[in-house]
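**Q** let's see this in three dimensions:
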Amino acid sequence: MDDLHIGERVAFRDRVYFVRGVSPMSVVPCWVHLEDAETGEEVEADADDLEVDARLDGRSENGLRSIS
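**A** Alright, predicted model coming up:
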């Protein structure tokens, strides 16, 4: 997955998460630090396993829009 932004919502394993961090571009595979939108639980996932949460039309939790 390309163009992940801090604060953006993504779907992973049928749940919604906030992106809280991304590994450096030189690291392969790219790992993403996530926070569960409901429980606050933190997990890490391969960026290729994520889907941008289309229901939010690219908006992050602070109302800003991601630019691709």
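**Q** point out where this structure drops to low pLDDT.
**A** Applying pLDDT under 70 to the chain flags residues 1-2, 53-68.
**Q** how about the strands in it?
**A** 9-12, 15-22, 31-36, 42-46, 51-52 (DSSP state E).
**Q** with mean neighbour count added, can I get these in CSV?
**A** Quick note: C-beta positions are derived from backbone N, CA and C, even for glycine. CSV is the format used below for the strands of the chain (neighbours: other CB atoms under 10 Å):
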stretch, mean neighbour count
strand 9-12, 19
strand 15-22, 17
strand 31-36, 18
strand 42-46, 14
strand 51-52, 14
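**Q** for Asp3, find the nearest of those strands.
**A** Proximity to Asp3 (CB to CB) singles out strand 51-52 among these, at 8.7 Å.
**Q** sheet partners, orientation included, of the closest one?
**A** strand 9-12 (antiparallel) (DSSP bridges).
**Q** dump the strands of the chain to JSON lines, plus distance to Asp3.
**A** Formatted as JSON lines, these follow (distance: least, CB to CB, whole Å):
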{"stretch": "strand 9-12", "distance to Asp3": "11"}
{"stretch": "strand 15-22", "distance to Asp3": "10"}
{"stretch": "strand 31-36", "distance to Asp3": "12"}
{"stretch": "strand 42-46", "distance to Asp3": "16"}
{"stretch": "strand 51-52", "distance to Asp3": "9"}
